[in-house]
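Undergrad: next comes the sequence, and after it the predicted model I'd like to discuss.
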2 protein chains.
Amino acid sequence: MSETLVNRQWFYAKPITDHLTADNFARREVPVPELRQGQALIRNRLISIDPANRLYFAIQNYRRQIELGDVMAAFAIGEVVKSTDPRFRVGDLWHGDFGWQDYAVINSYDRAEYYHRCTPGMSDEDLLGVYGITGMTAYFGVEKVGRLTGRETVVVGGATGACGAIIGQLAKIAGCRVVGFAGGPEKCAWLTGEMGFDAAVDYRAPDMAQRLAAECPDGVDFFSDAIGGAISQATIPLMKKDARWYHFGNMSEYDNMVPGETAPRHDAFLTPELKAICKERNLRPIFLLVFDFYCRRLEAQETLASYIADGRLKAPNTTLSGFEKLPAALIDGSLGSNKLGKLNVRLAG
Amino acid sequence: MSETLVNRQWFYAKPITDHLTADNFARREVPVPELRQGQALIRNRLISIDPANRLYFAIQNYRRQIELGDVMAAFAIGEVVKSTDPRFRVGDLWHGDFGWQDYAVINSYDRAEYYHRCTPGMSDEDLLGVYGITGMTAYFGVEKVGRLTGRETVVVGGATGACGAIIGQLAKIAGCRVVGFAGGPEKCAWLTGEMGFDAAVDYRAPDMAQRLAAECPDGVDFFSDAIGGAISQATIPLMKKDARWYHFGNMSEYDNMVPGETAPRHDAFLTPELKAICKERNLRPIFLLVFDFYCRRLEAQETLASYIADGRLKAPNTTLSGFEKLPAALIDGSLGSNKLGKLNVRLAG
């Protein structure tokens, strides 16, 4: 018999009341089970920390809702260390919902789109970020909802986030004027400097709506909206008739989610005046499920890689190190927006 | 409170020893559960009966292995009768692994390729057959493995089966000479008559290898192999160098499956002489997982529908009626080959 491996796990231990806190999680150590036929043992290397993780507690959408006792769910990059199925080759890197743990067992029938072998030769950070769900959410949102024709004005809410930073850069590549929202002068400077945005607006400024209007003299053609709330309230009045509105997150509302709702609420910030504007100008928030386009993942990856290769696209990320950092990374880093670009936690191995 | 619906189920009740028999199944009635958020209640209309069902007991491949107490698994067409998710609209038809039961509960996260909304306006039989997994197995096998250039010779094992009949017709459409195996003179006449094959060989005839050789004077370019055994033994010696071999089933071996094996064994029938031929001529059986091509399902469906519309393709099927027929349909009909084309069971409602 081989030595039994120990699997450290963070699990959902105490019900959330409103904000997610470190108290909601607890640690445990369990043995790694023996594999049966058709399985692989994955050793987690890099775990993705995303605002959407917060939603896993509130709804079931592309995965089962997290219940008390469950290992905290998260996308990750891991290595096949043991296999009983020719589909899983020892040494290959896989992307999947491996969760907050050292080891995950996956099955040959786990055919959800987000279980896939990774293209060799790329960094774990890029595999999880620009070539992962983050990058695909950006790419297909710009393609399907943005449909940018150049010389248009694009506003990006949450522009320092993993998706927002890529969406803004894709809009620049398409020849648009790009204005991003960020919190504080430093992040604003990063957007216009490092990310090449045309302008940045500090959403903490009391006159942020006026600042945004000044940066969008011709109105807004495409609004990439991951936050909702005051940012959407400032942008909607500037949107042109039939402008496109990609609403792929609603971070400002996550703590107000009504359990049982299917998607983040998108209308809590819509005052009667804004609703009238939306009706008059034919403005509707468009949700996409990125997995509906996932069979085109490699095509998108190829295009994104070509932009990176010729220097037009940067895939910024922040990586924390160590299993013990996981809850804080989600609570302070991702939900608290204390990071730039994609946030990950690397396991010590 | 609404009236509680009763769900009739056939479940796996007694371990299989070698052949599958009616004794391995038992019936029960359970209440239909209340839906939670993100679910739909499906009322089963037409249940697919396939040789591959036998494999569900032996291995886990694209679905979890069936264990004692589980509802017997099967693809089916069903109608959404209740929903708590906008993705599932009441009245829509869905294709999925709904099993041998009146009602199935499906989830928004059941994103396996085989859960999908059906194109409206088609018969349940076609949705499950030529536009379902059967048709896709045929279509992508011919496209990916067959790569037919016309004027080639194609041999189809299991030609009266759901896939084989379509593969043979697709090869005819591609301009090939098509020879099919069938059991008995009546089925052979059906192949050359109704299905338009160039020749049929009765695999029960003692001189079947000689008969096949006589029908393939130029050798075999593509072998569509769903059966293995004596049929493969007769065909392999006729195959040309680098001939293509699509081996998508191995019915002759299903009762000999070693639990824990990942795929049907393909070499039980390979004598040392045949192995030498395979090596010399570079002949290897190619397995495809149809779901790896499922994102192109609608494209294949469109092509197949155009062939049906212009009369070049027929999608034969046999439909039995009534919940009580399910075990016999699988055991005698599908595994016993007492049917032509696709076999289904329609539930009385």
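TA: Thanks, I have it.
Undergrad: what's whichever residue of the stretch 51-200 of chain A sits closest to chain B in contact with, if anything?
TA: Nearest residue of the stretch 51-200 of chain A to chain B (Cβ to the nearest Cβ) works out as A:Gln60 at 4.1 Å. The C-beta positions use only the backbone N, C-alpha and C, and glycine is treated the same way. Contacts for A:Gln60 (Cβ atoms under 8 Å, 6 or more residues apart in numbering or on different chains) come out as B:Arg36, B:Gln37, B:Gly38, B:Asn107, B:Ser108, B:Tyr109.
Undergrad: repeat that for A:Asp97.
TA: Contact analysis of A:Asp97 by Cβ under 8 Å, 6+ apart lists A:Arg63, A:Ala73, A:Ala74, A:Phe75, A:Ala76, A:Ala112, A:Tyr114, A:Tyr115.
Undergrad: dump these into JSON lines; add pLDDT as well.
TA: Supplementary listing: the contacts of A:Asp97 in JSON lines, determined by pLDDT from 0 to 100:
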{"residue": "A:Arg63", "pLDDT": "89"}
{"residue": "A:Ala73", "pLDDT": "97"}
{"residue": "A:Ala74", "pLDDT": "97"}
{"residue": "A:Phe75", "pLDDT": "97"}
{"residue": "A:Ala76", "pLDDT": "98"}
{"residue": "A:Ala112", "pLDDT": "81"}
{"residue": "A:Tyr114", "pLDDT": "91"}
{"residue": "A:Tyr115", "pLDDT": "93"}
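Undergrad: what's the closest of these to A:Ser334?
TA: A:Ala74 (10.4 Å; Cβ to Cβ).
Undergrad: check which helix or strand covers the nearest residue to that closest one once chain neighbours are set aside.
TA: Nearest-residue entry for A:Ala74: A:Ile47, 5.2 Å, with adjacent residues in sequence omitted and distances by Cβ to Cβ, 6 or more residues apart in numbering or on different chains. Assigned by DSSP states H and E, A:Ile47 belongs to strand A:39-49.
Undergrad: hang on, the earlier thing: what is the neighbour count of the residue nearest to A:Ala74?
TA: Burial of A:Ile47 is recorded as 30 neighbouring residues (other Cβ atoms under 10 Å in any protein chain shown).
Undergrad: and it, what does it touch?
TA: Taking Cβ under 8 Å, 6+ apart as the test, what A:Ile47 contacts is A:Ala74, A:Phe75, A:Ala76, A:Phe98, A:Trp100, A:Leu326, A:Asn344, A:Val345, A:Arg346, A:Leu347.
Undergrad: state the distance from it to B:Ser123.
TA: Going from A:Ile47 to B:Ser123 by Cβ to Cβ, to the nearest Å gives 47 Å.
Undergrad: residues from chain A in reach of chain B?
TA: Residues of chain A lying close to chain B by Cβ under 8 Å from any Cβ of the partner chain are A:36-38, A:59-65, A:84-86, A:107-109, A:111-113, A:259-262, A:291, A:295-296.
Undergrad: which among the residues you listed end up buried?
TA: With burial judged by 16 or more other Cβ atoms under 10 Å in any protein chain shown, the buried subset of these is A:37-38, A:59-65, A:84-85, A:107-109, A:111-113, A:291, A:295.
Undergrad: where strands are concerned, which of those residues count?
TA: A:Asn107 (DSSP state E).
Undergrad: from the middle of its chain, how far away would stretch A:28-39 be?
TA: Remark: stretch A:28-39 is offset 29 Å from the chain centroid, using Cα atoms, centre = their mean, to the nearest Å.
Undergrad: my error: substitute stretch A:336-349 in the last question.
TA: Put simply, stretch A:336-349 sits 12 Å off its chain's centre (Cα atoms, centre = their mean).
Undergrad: what's the domain layout of chain A?
TA: Domain assignment for chain A by automatic domain parsing gives A:6-129+A:315-346, A:133-290.
Undergrad: and B:Ala300, which of the ones you listed is closest to it?
TA: Nearest of those to B:Ala300, taken as Cβ to Cβ: domain A:6-129+A:315-346 at 18.3 Å.
Undergrad: ends of that closest one, what's the gap?
TA: 18 Å (Cα to Cα, to the nearest Å).
Undergrad: A:Glu125 is in contact with A:Leu46, isn't it?
TA: Yes: taking contacts as Cβ atoms under 8 Å, A:Glu125 lies within contact range of A:Leu46: 6.7 Å.
Undergrad: any residues in contact with both of the two?
TA: A:Thr319, A:Asn344.
Undergrad: picking that back up, and the residue nearest to A:Ala74, what are its bridge partners?
TA: A:Ala76, A:Val345 (DSSP bridges).
Undergrad: contacts only, for A:Ala199.
TA: Going by Cβ under 8 Å, 6+ apart, the list of residues near A:Ala199 reads A:Arg177, A:Val178, A:Val179, A:Gly180, A:Thr192, A:Glu215.
Undergrad: which of these fall in strands?
TA: Using DSSP E, A:Arg177, A:Val178, A:Val179, A:Gly180 are the members of the contacts of A:Ala199 that sit in strands.
Undergrad: which of the helices or strands spans A:Ile166?
TA: Secondary structure from DSSP H and E places A:Ile166 in helix A:162-173.
Undergrad: residue ranges with poor pLDDT in chain A?
TA: Scanning chain A with the threshold set as pLDDT under 70 gives A:1-2, A:256-266, A:348-349.
Undergrad: of all of it, which residue lies closest to chain B?
TA: Closest point on chain A to chain B, by Cβ to the nearest Cβ, is A:Cys295, at 3.0 Å.
Undergrad: that residue: what's its closest spatial neighbour, skipping adjacent residues?
TA: Closest to A:Cys295 by Cβ to Cβ, 6+ apart is B:Cys295, at 3.0 Å.
Undergrad: wait, the one you found sits on A:Leu298?
TA: No: using Cβ under 8 Å, B:Cys295 is not in contact with A:Leu298; the gap is 11.2 Å.
Undergrad: can you work out which residues contact both of those two?
TA: Between them, B:Cys295 and A:Leu298 share no contacting residue under Cβ under 8 Å, 6+ apart.
Undergrad: for the stretch 1-150 of chain A, which segments count as helices?
TA: Secondary structure of the stretch 1-150 of chain A (DSSP state H, counting those that start in this stretch): helices at A:124-128, A:133-140.
Undergrad: ok, how many other residues are close to A:Gly282?
TA: For the record, residue A:282 is Asn, not Gly. Neighbour count of A:Asn282, defined by other Cβ under 10 Å: 11.
Undergrad: tell me the phi and psi of the closest residue in space to it that isn't next to it in sequence?
TA: Excluding the flanking residues, the one nearest A:Asn282 by Cβ to Cβ, 6+ apart is A:Asp242, at 5.2 Å. In terms of degrees, to the nearest 10, the main-chain angles of A:Asp242 are phi 60, psi 20.
Undergrad: can you pull the contacts of A:Asp242?
TA: Contact analysis of A:Asp242 by Cβ under 8 Å, 6+ apart lists A:Arg281, A:Asn282, A:Leu283.
Undergrad: what is the nearest of these to A:Glu3?
TA: Nearest to A:Glu3 among those: A:Leu283, at 60.1 Å, using Cβ to Cβ.
Undergrad: about what we covered before: ok now the helix holding A:Ile166, how far from the chain's centre?
TA: On the basis of Cα atoms, centre = their mean, helix A:162-173 is displaced by 13 Å from the centre of the chain it belongs to.
Undergrad: again, but for stretch A:319-334
TA: How far stretch A:319-334 lies from its chain's middle: 15 Å, per Cα atoms, centre = their mean.
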